[in-house]
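Asks: Sequence first, predicted coordinates after that:
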Amino acid sequence: MEKPIVAQKAPFAVTLNAGEYYWCACGRSKTQPMCDGSHQGTGLAPVKFALAEPKMVYLCGCKQTKTAPYCDGTHKSL
């Protein structure tokens, strides 16, 4: 299994509608912070999450969070 690539050393602040989403856990997606299938063959998989209502969220950009898909501040120590 490959290691995730750091997409950015800060969270992605995004406003999302209610629904299901797939957060990129590998860092290779061209549509950060969401998955575009670039993880194929890496042994990594996107993280599915859902929102019940529209909301601004802070999704991890460094791919090292312990609270995927949400930022936990780990990027500050990279």
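Replies: Cool, the structure landed.
Asks: Pretty sure residue 76 sits in a helix.
Replies: Yes: the assignment for residue 76 by DSSP: H, G, I helix; E, B strand; the rest coil puts it in a helix.
Asks: and it, how far is that from residue 25?
Replies: Residue 76 sits 19 Å away from residue 25, going by C-beta to C-beta, to the nearest Å. Any C-beta I mention is one placed from the backbone N, CA and C, and that applies to glycine too.
Asks: higher neighbour count, those two?
Replies: residue 25 (21 against 10; other C-beta atoms under 10 Å).
Asks: list the contacts for the more buried one?
Replies: The contact partners of residue 25, taken as C-beta atoms under 8 Å, 6 or more residues apart in numbering, are 4, 35, 39, 44, 45, 46, 47, 63, 68, 69.
Asks: And for residue 42?
Replies: Neighbouring residues of residue 42 by C-beta under 8 Å, 6+ apart: 1, 2, 26, 28.
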